[in-house]
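# mind folding the following:
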Amino acid sequence: MTRDQFTNEHAVKINARVDDIPFELAARAYSGISFTPERRAEIVREEYVAHIQSVAEDLSPLVTNTEQRAVFEEELERYRQRYIDLLTRYLAAKSRVVSPMIAGPSNFPVAKHEKALRFEQKRLDELVSWSERAKEVIRKKILAARSEEEVEAEKCQRLLKEVRLSIETIKRIDAGEYIGGRDLFKSSIEGFIRRAADRGDIKAAREALRVVAEAQADMKRPIFTKRHSIWRYVDEAEARLQKHKELAQATPERTIIEYKGATVIDNLEADRVQIIFDDIPSQEIRSALKQQGWKWSPKAGAWQRKRTTNSAQSARHILSTYYGEE
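Have a look, this model is predicted:
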């Protein structure tokens, strides 16, 4: 399913309504500065709904799976509630502001007016600055809820982007547009590919090699000669990974520890430590997992991390907080 198909079929719920903002409060906020406070109040309430909708529309393209949708809906509702709180505080502060055009210039309390304006601006600044920070937090939480497959696909695209940029720079150096530094960018490309292969991103590494081969086909001076080790490196890395898998097949996985509701597994074949829950874990547990680098894998039906000693310790730490051992 494509990103657009998922977005269209699983639209995020938006609970914002104009009545979330009390009409009396909004009208009072403009009673001292407008001849039509009731109309201004309606505009404020409509703008509130439009703002929440715009936040949902701006961030919803990031949502590509059900886990992300659940996170987004929860965070969007939290954002809405806090936005209402800060907006009503701003409107309450605004209600203290009185314009001489409304009150009349005679004996107008200038000092009091200026103090009210400063307080109103403070409340507005609080609302705007919080809103920007909160939207960034939501964005990060949505991205943290991506499946492992989605993360790997993004890594591949990022790798190809870096390789293409370096290739373009080398071509500019060869054309005399830039001076020196060719070997530096050549080393960067080699490093990108080697690290990808070592991580097991064989498909991405091969695609990067294909991009290099295609680019240097019409270059007078190739980036890598035909005898360069980089052309063999990906195959060698794949052979090492295959050997590791074969060794793991004898004992593909073992249970590290069992809890009442979750099991921690050392999956040698997948090269992952996995946590399998009996039921969907709570949002609190999912947040704790994400904070420590665990990713949900729909294919494996488990939360997992790269096999390291720290991974097993992390699983024990999180699960011992919420579950009792068997």
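# next one: whichever strand or helix holds residue 314 to chain centre, how far?
Per DSSP states H and E: residue 314 is located in helix 309-322. Centre-to-centre, helix 309-322 and its host chain are 24 Å apart (CA atoms, centre = their mean, to the nearest Å).
# how about that helix: buried residues?
311-312, 314-315, 318-319 (16 or more other CB atoms under 10 Å). All C-beta atoms are positioned from the backbone trio N, CA, C, and that covers glycine.
# make a markdown table out of those and add distance to residue 195.
Shown next, in a markdown table, are those (distance: CB to CB, whole Å):
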| residue | distance to residue 195 |
| --- | --- |
| 311 | 20 |
| 312 | 24 |
| 314 | 23 |
| 315 | 26 |
| 318 | 29 |
| 319 | 32 |
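# ok, those residues vs residue 66, which is closest?
Nearest to residue 66 out of these is residue 318 (CB to CB; 22.0 Å).
# which pLDDT value goes with that closest one?
If you check residue 318, the pLDDT there is 92.
# OK, contacts around it?
Contact analysis of residue 318 by CB atoms under 8 Å, 6 or more residues apart in numbering lists 285, 288-289, 292.
# what about it, distance to residue 153?
27 Å (CB to CB, to the nearest Å).
# before we move on, what about residue 20?
Residue 20 is 38 Å from residue 153, by CB to CB.
# so these two - more neighbours on which side?
Per other CB atoms under 10 Å, whichever of residue 20 and residue 153 has more neighbours is residue 20, with 17 against 14.
# show me the contacts for the nearest residue to that one once chain neighbours are set aside.
Nearest-residue entry for residue 20: residue 84, 5.5 Å, with adjacent residues in sequence omitted and distances by CB to CB, 6 or more residues apart in numbering. By CB under 8 Å, 6+ apart, the contact list for residue 84 reads 20-21, 48.
# so what's the closest residue in space to residue 18 that isn't next to it in sequence up against?
Nearest residue to residue 18, sequence neighbours excluded (CB to CB, 6+ apart): residue 45, at 4.0 Å. Applying CB under 8 Å, 6+ apart, we find residue 45 in contact with 18-21, 23, 26.
# run the last query once more with 6 Å
18, 21, 26 (CB atoms under 6 Å, 6 or more residues apart in numbering).
# quick check, pLDDT for the first one.
By that I understand residue 18. Listed pLDDT for residue 18 reads 95.
# again, but for the second one
At residue 21, the model reports a pLDDT of 96.
# isn't it right up against residue 46?
No - the criterion here is CB atoms under 6 Å, and residue 21 misses it with residue 46 at 9.5 Å.
# which is the next helix or strand following the helix of greatest length in the chain?
The longest helix of the chain (DSSP state H) is helix 110-144. Sequence-wise, the next helix or strand downstream of helix 110-144 (DSSP H and E) is helix 148-174.
# ok, now how distant is residue 311 from residue 257?
Distance from residue 311 to residue 257, by CB to CB: 13 Å.
# make that residue 174, sorry
Residue 174 is 57 Å from residue 257, where distance means CB to CB.
# quick revisit: of residue 21 and residue 46, who's got more company?
Regarding residue 21 and residue 46, a neighbour count based on other CB under 10 Å identifies residue 21 as having more, with 23 against 12.
# nearest residue to that one other than its sequence neighbours?
residue 45 is the one closest to residue 21 (CB to CB, 6+ apart), at 4.6 Å.
# buried residues, whichever helix or strand the one you found is part of. List them.
According to DSSP H and E, residue 45 maps onto helix 37-59. Using 16+ other CB under 10 Å as the test for burial, helix 37-59 gives 37, 40-42, 44-45, 48-49, 52, 55-56, 59.
# number of nearby residues for the nearest residue to residue 142 once chain neighbours are set aside?
Excluding its sequence neighbours, the residue lying closest to residue 142 (CB to CB, 6+ apart) is residue 62, at 4.6 Å. For residue 62, the neighbour count with other CB under 10 Å is 18.
# go on, the one 4 residues further on?
Under the neighbour criterion other CB under 10 Å, residue 66 is assigned a count of 13.
# same thing with the one 10 residues further on?
Neighbouring residues of residue 76 were enumerated by other CB under 10 Å; the total is 22.
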